[in-house]
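Visitor: Give the three-dimensional model of this entry:
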Amino acid sequence: MIPSWQPSADITLLKRRAQYLADVRLFFAQRDTWEVETPILSQAAPTAPYLDSFSCDYQAIGSEQKSRYYLQTSPEFTMKRLLAAGSGSIYQIARVFRNGEQGRLHSPEFTMLEWYRPKLTLIQLMNEVEMLVEQVFNFQGMAKFSYRSLFQSYLDINVFTCSDEQLKICGLKQIPSLADDFDTDRDSWLELLMSYVIEPKLAQLNTLVFVYDFPASQAQLAKIVDDGDGYQVADRFELYIEGIELANGYNELLDADELRQRFDQGNQQRRQQGKTEIPIDENLLAAMSSGLPICSGVAIGLDRLIMLAMKKNSIAEVQSFSFE
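Guide: Next comes the predicted model:
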């Protein structure tokens, strides 16, 4: 039995991981994109109900007053403040934290690679992500599908015109493990169908798969645009390798007023779900109001990417010490 103090990954693998990180840094150095560090603690956090932040209290020596802080779920907000201040192209290899997430592909603490490129289109950013995973991690081949085309091909439904009831019927039929009386909202049905039906199909394609033009309700911090067929879509993409979601990229939203509305909507959903409201990041909104440059950005789960590159089964096998 291996003693509990031992690393969860083999030392040889950790040395390979270190080389991957060095190669990532070289990749960006060659593209005039500089590395930044931003605070892990913040007095604000994302309000999205699907993200649960860790919180802690700061108490100055000699004071009875406590201030609530949150561990970052992503370095996005502070990196965008740097962009608004004129940083130009930047990237960060960051430790990030998400409460409640644990499993083969999840950990409450993990490593994220995130970068932003002013004036780069979403298609150009997609191509840069492809170059990174090919040159540094040696994955080959690429396919691109719209979100709508995947649901049409694999489930024969149009995600933009079908009713909530049609989605429910499809979900109960395609996912037998669900109870007959199970019900949820529209986006949750879409996420269930993507996870249980479509992602396993993507794994069979044996190539990098980019999925783009998500429903507008899944915009998160992306712009909403017309897809050319009259549907409003989120101008964002996700990258899948072996059916596993690795990257989330946006044509970044620049409108501070719209972002405030999305933050408020997130807190409203949190209240409805009985969750604690989260303070809105006023510094981010002020930075956007001052002039966030046109840019695109992407975040990649590095532990997952390294796990796949090393042909391991769980991220714990490529982390020095797993959460357990």
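Visitor: Next up, the contacts around Ala94.
Guide: 38, 40, 72, 74-75, 111-114 (C-beta atoms under 8 Å, 6 or more residues apart in numbering). (C-beta placed from N, C-alpha, C; glycine too.)
Visitor: how near is the residue nearest to Ala216 when sequence neighbours are not counted to Ala18?
Guide: Once flanking residues are discounted, Ala216 sits nearest to Gln232: 4.4 Å by C-beta to C-beta, 6 or more residues apart in numbering. Counting by C-beta to C-beta, to the nearest Å, the separation of Gln232 from Ala18 is 44 Å.
Visitor: Also Tyr212?
Guide: 33 Å.
Visitor: Of these two, which one has the most company?
Guide: Per other C-beta atoms under 10 Å, whichever of Tyr212 and Ala18 has more neighbours is Tyr212, with 21 against 10.
Visitor: Please identify the buried residues of the longest helix seen in the chain?
Guide: Longest helix of the chain, by residue count under DSSP state H: helix 11-29. Within helix 11-29, the residues scored as buried using 16 or more other C-beta atoms under 10 Å are 13, 17, 20, 24, 27-28.
Visitor: And the strands in the stretch 1-150 of the chain?
Guide: Along the stretch 1-150 of the chain, the segments classed as strands by DSSP state E, counting those that start in this stretch run 34-35, 41-42, 55-58, 67-71, 90-97, 109-118, 142-146.
Visitor: do you know which of those lies nearest Gln273?
Guide: Among those, the nearest to Gln273 by C-beta to C-beta is strand 55-58 (17.3 Å).
Visitor: Direction included, what does the closest one pair up with?
Guide: Strand 55-58 has the following strand partners under DSSP bridges: strand 67-71 (antiparallel).
Visitor: which of the residues in the partner strand are buried?
Guide: Buried residues in strand 67-71, defined by neighbour count with 16+ other C-beta under 10 Å: 69-71.
Visitor: Count the residues that sit near the closest residue to Lys312 other than its chain neighbours.
Guide: Nearest residue to Lys312 in three dimensions, chain neighbours excluded: Val318, at 5.8 Å (C-beta to C-beta, 6+ apart). When neighbours are counted by other C-beta under 10 Å, Val318 registers 26.
Visitor: So Val318 versus Glu324, what's the distance?
Guide: Per C-beta to C-beta, Val318 is found 15 Å from Glu324.
Visitor: cool, Pro3 as well?
Guide: Distance from Pro3 to Glu324, by C-beta to C-beta: 14 Å.
Visitor: Likewise for Leu14?
Guide: Leu14 is 17 Å from Glu324, by C-beta to C-beta.
Visitor: Please apply the same query to Asn313.
Guide: Taking C-beta to C-beta, one finds Asn313 at 15 Å from Glu324.
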